[in-house]
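Enquirer: have a look at this fold, sequence not included:
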């Protein structure tokens, strides 16, 4: 499937944004700043300067509106005083209906209700404008104002910083422009027919049930392209959407069945809920989080039944109207999962295949004169496979006719009529340097960043920049806008075949497990070898590596020894006198059994050292040159007793020592690592000495929980923004931070283990529990989130920083008072299992403007609508309210958090917007309160109606005893804060920082260790 000329013209938007506004109100203030931000973000906006204002809208403005992708209406007090503005608004909604233009709103000093109903000062201005106008003009203007008032937008009064609001508007515009279905799929050959066939199978008009639909066909046929186009076209109709690509290749980490399913669910929920670094601990997570959400999910390239069982086992996991689309090569897999609604992608017709190929070879739909027969030969050789046609077209582009003849004769004589054989031509036509880069990506660097690949190959003699451009141009790899390199799995197979077809003495990369065993046992490898990729799971029993195995491989730079399946029966023994290759760039060796790397080991050229889960006691003897090292990953090196001198590791960015339980001291040389960004020393339970980190200006994140014997906190750079520590370190923390600290997120963890699976890590804890949080906490001037967990002796909290927005205190059972006034600035105030909170503290926590969570059985008096049980009906015409529920554990809770869902229905019609909160586990009855606002859609608030609130816990770990609702007005809620709403609930839901904190603190995945819980 590829580009071709389309029968329908492509819509071209001259401007990204048109802004409708009343000039005297905002032109020299808000609009100037908005235009500046748009220019910074690369967003073009129509400029109306020079257009003479008159009684009717100018033709130039009408044209500009029609040529803009997005219209932003800035509604101000005097907007309706201008007939010009009102005519613009009518034209904008005409373009919205006729052309699919996106309309956004900014309420700048006016209430949306006044706009909708033309009341207040806004209504007075409108009525004055309507004088001496026809009734038809008044009707059109009034309808346009009602329509624009119903579009949720930014409300100036909800922001205390206009620049932040403008940044948010610019980001929203960018997101909408990126999500707009555009020319990406508009003129791909045959795509519209595929989409129509799929949409008929999806039965999108059936909103009563969820449905799973399969897309099957051979590799390279275009299944992913069809699914991606569907996702782009349909995503705006669903509450949540997720495109999980390349499930086959991205999620096989050698786990057992349960672990694999947990990992898949973890990745999936992180993506669909946009919560980086989240972790889940049971296989009910998807059902609990999404059973009441209308979702569009694409599971791309599924190749194992376990993947479907993990991600979409039952349709009732997802809310009514949900659609789950599975792409796979395996039709039998769909049948095994009882998916009978399947679209099989056929090969394109000869005419379509011809167009696909010609678009890549000639950038037009037809072959030039003289190439017609050559094109037909290519079509036949490729078997009409779209991926093969694309690669072949890119390979032959720009070649002369006689060059084609030579290549085609070669293909006709040697090609295997399989997909791998077709794709092989792209590899064969590369320069030898580009072939090497292709193979290195296939076996070592797929899904790595281009910068990382550059660093890995910096010492090579190949032009990496040119090579990556060439591979991209030839459609052999893709590089995302973020710089991530990806190679299709079939092209990786081409690489494997290419290696196996090489003469053994000329191979630069060895991947066959049996050949590697022979090489390492008999030291029979060629000196040409650059890389070894060895899956230990493919050998039987133990093996011993010859001490001379690497001696002849003087050019070996990349070693990847891993287990795709965890098997403790397979052990690889390394002799103490083994000769390691001198020019290694990557050493990734899981379950290394030696107590020390051989004395011949030279890391001078090493960029990444990853020795996870090993038996090392130390890395090497003496001092080594480490100038190229960027990643040192030693998680779960349980026997590691010392680190080497790292003074020469001036390029090091990540240092992960998670659970190095025998480590006593980190060398002072770490204080010179000017590029270090992330340091993880969680559960280094014997660690006693960490040197000063004051000079590490790049250091951003530090995780040092469970360092029970570390009494003195090292001095930090003021640039550290995220810190996780044990309470035993708190006494001297301010001395380490300093008064100019930029710390934004601080987590303090005490002696009470709130995560049962970590019990063994708490065994080594020493030292008394802290009894107070130091007064200097108020001097952390930019602290945004403070989380205190498991500190049983804290009785009172001191004055807190004025910058704080999130305060979460969990399982601090002696806490009684909060000295700091909890003003309206807070977003979340969570105090789970803090059983001794006094009355004054409780009143402060339960203020109207925040989400609150605290022990209790009695709903506060201000919640004057109440009901026993989990639902209630309130007859009212309000849109801003706060609800309160009483929850109690049914039995001792197993998980560290649970979900609470609130469904809202008006006159029996569901809003299809559910409030979902992930709350920390509890030991007794608790109150949860949450402010919320929904929009007056379709005149709901002007009718007699009933609003039903229904609360539930999908995991059924808690029981909902009672619920209540408080209607909020400006008098009951003077904060005028932002609330959750039907339009912006994702932005206003609690970010679950407790849950995120726990996930990150105890994360062992080296790939995720640099991403903090509040990133």
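Expert: Yep, that arrived. These figures come from a predicted structure and were not determined experimentally.
Enquirer: so which bits of the strand or helix carrying residue 192 are buried?
Expert: In this structure, residue 192 sits in helix 191-202 according to DSSP states H and E. Using 16 or more other C-beta atoms under 10 Å as the test for burial, helix 191-202 gives 191-192, 194-195, 198, 201-202. Every residue, glycine included, has its C-beta placed from N, CA and C.
Enquirer: how about stretch 330-341?
Expert: 333-334, 337, 339.
Enquirer: same question, stretch 696-707
Expert: By 16+ other C-beta under 10 Å, the buried positions in stretch 696-707 come out as 696, 699-707.
Enquirer: could you work out the most separated pair of those?
Expert: Farthest apart among the buried residues of stretch 696-707 by C-beta to C-beta are 696 and 706. That separation is 21.6 Å.
Enquirer: how about residues contacting stretch 293-300?
Expert: Stretch 293-300 is contacted by residues 207, 223-224, 227-228, 230-231, 234-235, 237-247, 272, 307-308, 311-312, 318-327, 912, 914, 916 when judged by C-beta atoms under 8 Å, 6 or more residues apart in numbering.
Enquirer: now do the end-to-end distance for stretch 551-559.
Expert: 14 Å (C-alpha to C-alpha, to the nearest Å).
Enquirer: also stretch 530-540?
Expert: 25 Å.
Enquirer: again with stretch 701-717
Expert: Note: stretch 701-717 ends 11 Å apart using C-alpha to C-alpha.
Enquirer: any idea how far that stretch is from the chain center?
Expert: Computed by C-alpha atoms, centre = their mean, to the nearest Å, the chain-centroid distance of stretch 701-717 equals 29 Å.
Enquirer: mean confidence (pLDDT) on that stretch, please.
Expert: What stretch 701-717 shows for mean pLDDT is 82.
Enquirer: backbone dihedrals for residue 161, please?
Expert: Backbone dihedrals for residue 161, given as degrees, to the nearest 10, come out at phi -140, psi 110.
Enquirer: how about residue 787?
Expert: phi -130, psi 120.
Enquirer: surely it and residue 804 touch.
Expert: No. Using C-beta atoms under 8 Å, residue 787 is not in contact with residue 804; the gap is 11.1 Å.
Enquirer: which neighbours do the two have in common?
Expert: Contacts common to residue 787 and residue 804, judged by C-beta under 8 Å, 6+ apart, are absent.
Enquirer: picking up where we left off before, next step: the buried residues of stretch 696-707 restricted to strands.
Expert: 701-704 (DSSP state E).
Enquirer: for the stretch 751-900 of the chain, what spans make up the strands?
Expert: 785-789, 796-797, 806-810, 817-818, 828-830, 851-855, 865-868, 871-875, 880-889, 897-906 (DSSP state E, counting those that start in this stretch).
Enquirer: just checking: what are the partner strands of the third one?
Expert: Put plainly, it is strand 806-810. Sheet partners assigned to strand 806-810 using DSSP bridges are listed as strand 785-789 (parallel), strand 828-830 (parallel).
Enquirer: what are the structural domain limits within the chain?
Expert: 15-179, 191-344, 350-413, 419-498, 721-855, 856-972 (the TED database).
Enquirer: would you mind saying which of those lies nearest residue 543?
Expert: domain 191-344 (18.0 Å).
Enquirer: got the end-to-end distance for the closest one?
Expert: First residue to last in domain 191-344 (C-alpha to C-alpha) measures 14 Å.
Enquirer: all further residue positions should be reported with the first residue as 32.
Expert: Sure, I'll start counting at 32 from here, so that last one is domain 222-375.
Enquirer: mean confidence score for that domain?
Expert: Mean predicted lDDT for domain 222-375 stands at 86.
Enquirer: equivalent analysis for stretch 528-547, please.
Expert: 83.
Enquirer: can you pull the buried residues of it?
Expert: 528-530, 538-543, 546-547.
Enquirer: can you check stretch 613-620 too?
Expert: 613, 615-620.
Enquirer: mean neighbour count for the strands of the stretch 782-931 of the chain - can I get that in TSV?
Expert: Conversion of the strands of the stretch 782-931 of the chain to TSV gives the following (neighbours: other C-beta atoms under 10 Å):
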stretch	mean neighbour count
strand 816-820	24
strand 827-828	19
strand 837-841	24
strand 848-849	18
strand 859-861	22
strand 882-886	23
strand 896-899	14
strand 902-906	15
strand 911-920	21
strand 928-937	19
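Enquirer: export those as TSV, with columns for distance to residue 804 and mean pLDDT.
Expert: Below are the strands of the stretch 782-931 of the chain laid out as TSV (distance: least, C-beta to C-beta, whole Å; pLDDT from 0 to 100):
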stretch	distance to residue 804	mean pLDDT
strand 816-820	7	94
strand 827-828	6	92
strand 837-841	10	93
strand 848-849	11	89
strand 859-861	16	92
strand 882-886	18	92
strand 896-899	36	90
strand 902-906	39	83
strand 911-920	28	90
strand 928-937	24	79
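Enquirer: out of these, which comes closest to residue 799?
Expert: Across those, closest to residue 799 is strand 816-820 (C-beta to C-beta), at 16.4 Å.
Enquirer: so how far is the closest one off the chain centroid?
Expert: Distance, centroid of strand 816-820 to centroid of chain: 23 Å (C-alpha atoms, centre = their mean).
Enquirer: how about stretch 774-783?
Expert: 24 Å.
Enquirer: check contacts around residue 616.
Expert: Counting by C-beta under 8 Å, 6+ apart, residue 616 touches 487-488, 490, 588-589, 636-639, 659.
Enquirer: name the member of these with the most neighbours.
Expert: residue 588 (26 neighbours; other C-beta atoms under 10 Å).
Enquirer: measure that residue to residue 242 for me?
Expert: 50 Å (C-beta to C-beta, to the nearest Å).
Enquirer: coming back round to it: need the buried ones from the contacts of stretch 324-331 selected in ChimeraX.
Expert: Selecting the buried subset of these in ChimeraX, with 16+ other C-beta under 10 Å as the burial test, is done by:
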select :254,255,258,259,261,262,265,266,269,270,271,272,273,274,275,276,278,303,338,339,342,343,349,350,351,352,353,354,355,356,357,358,943,945,947
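Enquirer: other SSEs contacting the host helix or strand of residue 550?
Expert: If you go by DSSP H and E, residue 550 is part of helix 544-553. Packed against helix 544-553 by the contact rule (3 or more C-beta pairs under 8 Å, 6 or more residues apart in numbering; DSSP states H and E) you find strand 562-566, strand 574-575.
Enquirer: most packed of these?
Expert: Stretch with highest mean neighbour count among those: strand 562-566 (a mean of 22; mean count of other C-beta atoms under 10 Å).
Enquirer: so what does it touch, helix or strand wise?
Expert: Judged by 3+ C-beta pairs under 8 Å, 6+ apart, strand 562-566 is in contact with strand 540-541, helix 544-553, strand 589-593.
Enquirer: report the beta-bridge partners for residue 979.
Expert: residue 904, residue 936.
Enquirer: check the one 10 residues further on too.
Expert: Following DSSP bridges, residue 989 is listed with bridge partners residue 920.
Enquirer: for residue 339, which non-adjacent residue is spatially closest?
Expert: Excluding the flanking residues, the one nearest residue 339 by C-beta to C-beta, 6 or more residues apart in numbering is residue 368, at 4.9 Å.
Enquirer: distance check, the one you found against residue 377.
Expert: 22 Å.
Enquirer: before we move on, the earlier item: wouldn't the residue nearest to residue 339 be in contact with residue 337 here?
Expert: No. When contacts are counted by C-beta under 8 Å, residue 368 is not listed as touching residue 337 (10.7 Å).
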